[in-house]
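A.B. asks: fold the following, please.
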Amino acid sequence: MLAQVRDFFARHDVMEVDTQLMSHCAVSDPHIDSIEVSYGTVPGQPTQKLYLQTSPEYAMKRLLAAGSGAIYQLGKVFRNGESGSRHNPEFTMLEWYRPGFSAEQLMDEVEALVGQLVPAFNARRISYRQLFQSELGIDPHKESLQGLQLLCRQHIDAPFEDESRDTWLNLLMSHVIEPRLLEPVFVYGFPASQAALAQVVKDEAGTPVATRFELFVRGIELANGYLELTDAQEQRRRLQQDQQQRAELVLPQRPLDMRLVAALEAGLPVCAGVALGFDRLVMLALGAQRIEQVIPFAFERA
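C.D. replies: This next block holds a predicted model:
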């Protein structure tokens, strides 16, 4: 399957790249925890703190800004605290970027790639709003905070308070809706507040939404894609907003990668990018139920 992926991109003229695993900076996302490592020039002497990459995204965007053209990377990434039937702290990620592509064109390519490894694969497409309306009978962009809390507590045990609408939307999505998404489906048009590093546009109803999509199969998120943010100042604002949220959640304050901002200032081409969990793709192809069935040595045996 590794060979099939590489063959797919060779035929589509997408260049393979290999960026660093260690970085002086860490991802800003409050929901992802980086693994720290220590580097010393001499054993026993003071060391400096580095971070294992949770995704090659920042480094790949620096290459894109330098004129690389279409690129992909297939390799290891690391996330602290992620272990379970679908998670391993060290896992294989496939990430690629397509200058000039729209989010819709990238969804087409994701479907073509997965279809090469999983026979007869095809996925329907539905907006985040339509999904919530069909599964829960609400408009997620308009429902009140109190309404979201009440609905969430009808489905799961959530005996806490939180003033963020996204907390409740994410719980409804992950605990109620996702397990129902057994047949392949692309979900697009996420709330603007969940844009991460995607562009924000207005949908057909005039609501600001993220130009972002996720692919779900068998109740599992397989891929997450964006029409990438190219505005350097907005990128800086989002990084700083993440850092503020980390402080509010009493999470470690880690160095922000301002080289990413500098890359956008230099000029990131309009492009669409996607990250796909390769181990989960193998699980799908083989009908496996647990991630340790498809990797040589899971965390407990590493």
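A.B. asks: ranges for the helices of the stretch 51-200 of the chain?
C.D. replies: Using DSSP state H, counting those that start in this stretch, the helices found in the stretch 51-200 of the chain span residues 57-65, 103-117, 128-136, 145-155, 165-171.
A.B. asks: pipe those into a markdown table and attach mean neighbour count per row.
C.D. replies: From N, CA and C alone the C-beta is placed, and that goes for glycine too. A markdown table is the format used below for these (neighbours: other C-beta atoms under 10 Å):
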| stretch | mean neighbour count |
| --- | --- |
| helix 57-65 | 21 |
| helix 103-117 | 18 |
| helix 128-136 | 18 |
| helix 145-155 | 15 |
| helix 165-171 | 18 |
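A.B. asks: now distance to Met22 too, for the ones you listed, in JSON lines please.
C.D. replies: Converted to JSON lines, these look like this (distance: least, C-beta to C-beta, whole Å):
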{"stretch": "helix 57-65", "distance to Met22": "11"}
{"stretch": "helix 103-117", "distance to Met22": "28"}
{"stretch": "helix 128-136", "distance to Met22": "35"}
{"stretch": "helix 145-155", "distance to Met22": "39"}
{"stretch": "helix 165-171", "distance to Met22": "30"}
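A.B. asks: tell me where the stretch 101-250 of the chain has strands.
C.D. replies: 124-127, 185-191, 200-202, 208-217, 220-227 (DSSP state E, counting those that start in this stretch).
A.B. asks: in its sheet, what does the first one sit against?
C.D. replies: The one in question is strand 124-127. strand 185-191 (parallel) (DSSP bridges).
A.B. asks: got the angle between the partner strand and strand 220-227?
C.D. replies: Interaxial angle of strand 185-191 relative to strand 220-227 (axes from the mean of the first three to the mean of the last three C-alpha atoms, to 10 degrees): 50 degrees.
A.B. asks: neighbouring contacts of strand 185-191?
C.D. replies: 103, 107, 110-111, 123-129, 131, 140-141, 165-166, 169, 181, 198, 203, 209-217 (C-beta atoms under 8 Å, 6 or more residues apart in numbering).
A.B. asks: cool, stretch 124-136 as well?
C.D. replies: Counting by C-beta under 8 Å, 6+ apart, 107, 138-141, 151, 172, 176-177, 180, 183-191, 203, 205, 207, 209 sit against stretch 124-136.
A.B. asks: tell me the buried residues within those residues.
C.D. replies: For the contacts of stretch 124-136, a burial check counting by 16 or more other C-beta atoms under 10 Å picks out 107, 138, 140-141, 151, 172, 176-177, 184-191, 207, 209.
A.B. asks: domains for the chain, by residue range?
C.D. replies: Annotated domains of the chain cover 2-123+184-301, 126-182 [automatic domain parsing].
A.B. asks: how far does the last one sit from its chain's centre?
C.D. replies: Taking the mean of its C-alpha atoms, domain 126-182 sits 20 Å from the chain's own mean (C-alpha atoms, centre = their mean, to the nearest Å).
A.B. asks: that'll do, ta.
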